[in-house]
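Enquirer: Just the structure for this:
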Amino acid sequence: MYYPKSQIQTNLFTKGEQLQLVSSKEEYIGYYWKTSKNEYFTGKNPNDGSPLALELIPAKPVSNINVLTIEQDNTIYNQLKGVNTSKSLLLPSYKKPSPTQEDYQIKYFTRYFAKKESENVYIETSKDTFDKLNNKDNSYNYTAYIVFKLDWQISGDKNKVQQTNKNVVSTIEKGYRIEGLHSYLNFNYLEFYK
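Expert: Numbers count the residues shown, from 1 in each chain. Below is the predicted model of the structure:
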């Protein structure tokens, strides 16, 4: 059955004692999603690849259900992955790139990005931050991000530059199975072009 995005909450998580399977009344622990009619189903969302989502019911009155979103549950995930959570983890910050004259001579430069694992939220960042996330530096919340870099053409035939950069973005989206990068870049494939 199809549910519009406005009618569902996805990526919810229960640690137990909150929901149970309708079929067996067995306690449920894991990801689930919820409809606007307070119907609950197993899985992260209606299309998460599970063959059949099982229906859930509250084990306690609905008002007492204490759910955690993925963001709120990062601490548990980080502990399971062995990430140091005793201090606040750094998040990538925006860094606008600035091509050098040498970059213009070689006709391209490298741009660095981080995308939230659970959302279509992108941020362009520095090479230093990219390296730390990519190398799983424990001072960063690297488990929450996918990182990648683009070789961005900035000089040459204008039409070819535009098409090349558009193709690079499409290749990254397909390769990482992500979407929204074209939009994040405002479809501006001639940014920094000279």
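
Enquirer: From now on I want contacts and neighbour counts done on CA atoms only, so please keep to that.
Expert: Noted.

Enquirer: can you list the domains in this protein?
Expert: When the chain is parsed into structural domains using automatic domain parsing, the resulting residue ranges are 5-69, 101-184.

Enquirer: Now stretch 16-24: buried residues?
Expert: Neighbour counts using 16 or more other Cα atoms under 10 Å place Q18, L19, Q20, L21, V22 of stretch 16-24 among the buried residues.

Enquirer: that older thread, so which of the domains of the chain gets nearest E191?
Expert: The closest approach between E191 and any of the domains of the chain, judged by Cα to Cα, belongs to domain 101-184 at 7.6 Å.

Enquirer: Now do the SS call for G156.
Expert: Secondary structure assignment for G156 (DSSP: H, G, I helix; E, B strand; the rest coil): coil.

Enquirer: the longest strand in the protein is where?
Expert: Counting residues, the longest strand found in the chain (DSSP state E) is strand 8-21.

Enquirer: Direction included, what does it pair up with?
Expert: The sheet places strand 8-21 alongside strand 27-35 (antiparallel), strand 55-58 (antiparallel), strand 68-69 (antiparallel), with pairing taken from DSSP bridges.

Enquirer: In CSV, list those strands along with mean pLDDT.
Expert: Supplementary listing: the strands paired with strand 8-21 in CSV, determined by pLDDT from 0 to 100:
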stretch, mean pLDDT
strand 27-35, 84
strand 55-58, 82
strand 68-69, 48
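
Enquirer: for those, which one sits closest to T14?
Expert: Nearest to T14, of all the strands paired with strand 8-21, is strand 27-35, at 5.5 Å by Cα to Cα.

Enquirer: Next, the buried residues of the closest one.
Expert: Within strand 27-35, judged by 16+ other Cα under 10 Å, the buried ones are E27, Y28, I29, Y31, Y32, W33, K34, T35.

Enquirer: Report the separation between the residue nearest to K34 when sequence neighbours are not counted and N11.
Expert: Among residues not flanking K34 along the chain, Y40 sits closest, at 4.5 Å (Cα to Cα, 6 or more residues apart in numbering). Between Y40 and N11 the distance, using Cα to Cα, to the nearest Å, works out to 12 Å.

Enquirer: Between those two, which is the more surrounded one?
Expert: Of the pair Y40 and N11, Y40 is the one with more neighbours under other Cα atoms under 10 Å, namely 23 against 18.
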